[in-house]
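K.L.:
I would like to see how this sequence folds:
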Amino acid sequence: MTELNRALAGAAEKGIISANQVRDLEAYLADRGMIFGPTAPDAAAERHDAALDARAAEDSEQPRFVRGFHDILITTGVIVVLIGLWGLGGPFATLPVILILAEILVRRQRLALPSVALTVALVHWVGTTSLLFVSEQEDAWKPLIFALAYLSAFPIPLGLFYWRYRVPLALAGLMVSIALVCVVAILLALEKILGIDLANEDHFMLLALTVLVGALGLFAAAMRYDVSDPQRETARSDTAFWLHLAAAPALLYALMGLVFLSNGGSTWWDGQAGFGQAVAAILIVAAFMLVGLVIDRRAFVTSGLVSLGGAVWTMLSQTGASLDSYVFVAFAVVGVTVLFIGIFWQRLRRMVMDLLPQTITARLHAAP
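P.N.:
This next block holds a predicted model:
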């Protein structure tokens, strides 16, 4: 690779130009007699390219919630203080401290990691206090009514917290809580309209389909934030990160639910999963990894690792291999998959992006 190649690659890495524009410019200059790339292998250039890929992989998905050890130190103090206050005074003594710390650390000092910790603390506080109130009706209410009452406590506090402090995690949590409330409300409405009991295993398919629709809604919201900030320079990218982190496992396990329900609800854990289910699971996980490469979000890779291990476990167990063999083989397959995708993330992504039309790739995070 020549110096010009490396300069263009560096420009694409920083988002100055897109990867497609780099290729078009190289083709344009090549037509006018400029030669790209060395005539013989250049080990130094190859090492430089690998280093560029490594830096690009590190920078391609960096949510801004750790900016230095100062953030870690302050966050440690926040966690220790809140745990101590919780033990001494319970939830009602903790909420004022959460808000006071948010005013100081988030609104005034704009510290990233403490804002995440305080948002998580608020979610924990809402969940605990909501459970205190609704648990009194646990025996009187049906499970879906209980779940709806419990989840309905989350949107307003998270919405107010985001309105005041503009924490991306709070906005993502608001959207996730609204999605959960909508899913449970739809399930409750279906029970009343159809006159069925969704707790009955005969209707689990309807449950999985409803969860799938809700997960698709979260994924659509995440992609909306992603495409609005393809260079990943604003808080919208951080919101998309958290939404993908929630949407990926929700989508995966809704699809896995459909796969297992087609075989009478057998799972990896009861040893009744069939070979066909294992193959279907591997195909779903592979599709998720492909989606992760396209949109440059690793949540779609990591969310499927347990299912990949379960599928390998099932396929090997049906060959008559000993327990000692297929347990460790499953671990090895998952580990090799993670390492392979992680090490070659940028190269694999370039290969995938080259196959897609520019109308799609132009709206996504550029592949260096």
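
K.L.:
low-confidence ranges in the stretch 251-368 of the chain?
P.N.:
Flagging of the stretch 251-368 of the chain using pLDDT under 70 yields the residue ranges 262-273, 318-325, 368.

K.L.:
same thing but 80
P.N.:
Per-residue confidence for the stretch 251-368 of the chain (pLDDT under 80) gives these ranges: 260-278, 310-330, 367-368.

K.L.:
quick one: the helices in it?
P.N.:
Per DSSP state H, counting those that start in this stretch, the stretch 251-368 of the chain carries helices over the ranges 275-295, 299-302, 305-317, 323-343, 345-354, 358-361.

K.L.:
Geometric centre of this structure: which residue is closest?
P.N.:
Among the residues of the chain, the smallest C-alpha distance to the mean C-alpha position (Cα atoms, centre = their mean) belongs to Leu245, namely 2.1 Å.

K.L.:
does that residue count as helix, strand or coil?
P.N.:
helix (DSSP: H, G, I helix; E, B strand; the rest coil).

K.L.:
which non-adjacent residue is nearest it?
P.N.:
Ala299 (4.9 Å; Cβ to Cβ, 6 or more residues apart in numbering). Any C-beta I mention is one placed from the backbone N, CA and C, and that applies to glycine too.

K.L.:
Quick one: neighbours of Val120, just the number.
P.N.:
One way to gauge burial is a neighbour count; for Val120, by other Cβ atoms under 10 Å, it gives 15.

K.L.:
Val134 against Ala149, yeah?
P.N.:
Yes: using Cβ atoms under 8 Å, Val134 is in contact with Ala149, at 4.7 Å.

K.L.:
Mind checking which of the two has more residues around it?
P.N.:
Under the neighbour definition other Cβ under 10 Å, Val134 and Ala149 were set side by side, and Val134 has more, 19 against 16.

K.L.:
For that one, give me its contacts.
P.N.:
The neighbourhood of Val134, defined by Cβ atoms under 8 Å, 6 or more residues apart in numbering, consists of Trp141, Phe146, Ala149, Tyr150.

K.L.:
which stretch of helix or strand covers the third one?
P.N.:
Spelled out, it's Ala149. When secondary structure is defined using DSSP states H and E, the element that contains Ala149 is helix 143-151.

K.L.:
do the first one as well
P.N.:
With secondary structure defined by DSSP H and E, Trp141 is part of neither a helix nor a strand.

K.L.:
Which residue comes closest to it once chain neighbours are left out?
P.N.:
Beyond its immediate neighbours in the sequence, the residue positioned closest to Trp141 (Cβ to Cβ, 6+ apart) is Ala149, lying 7.1 Å away.
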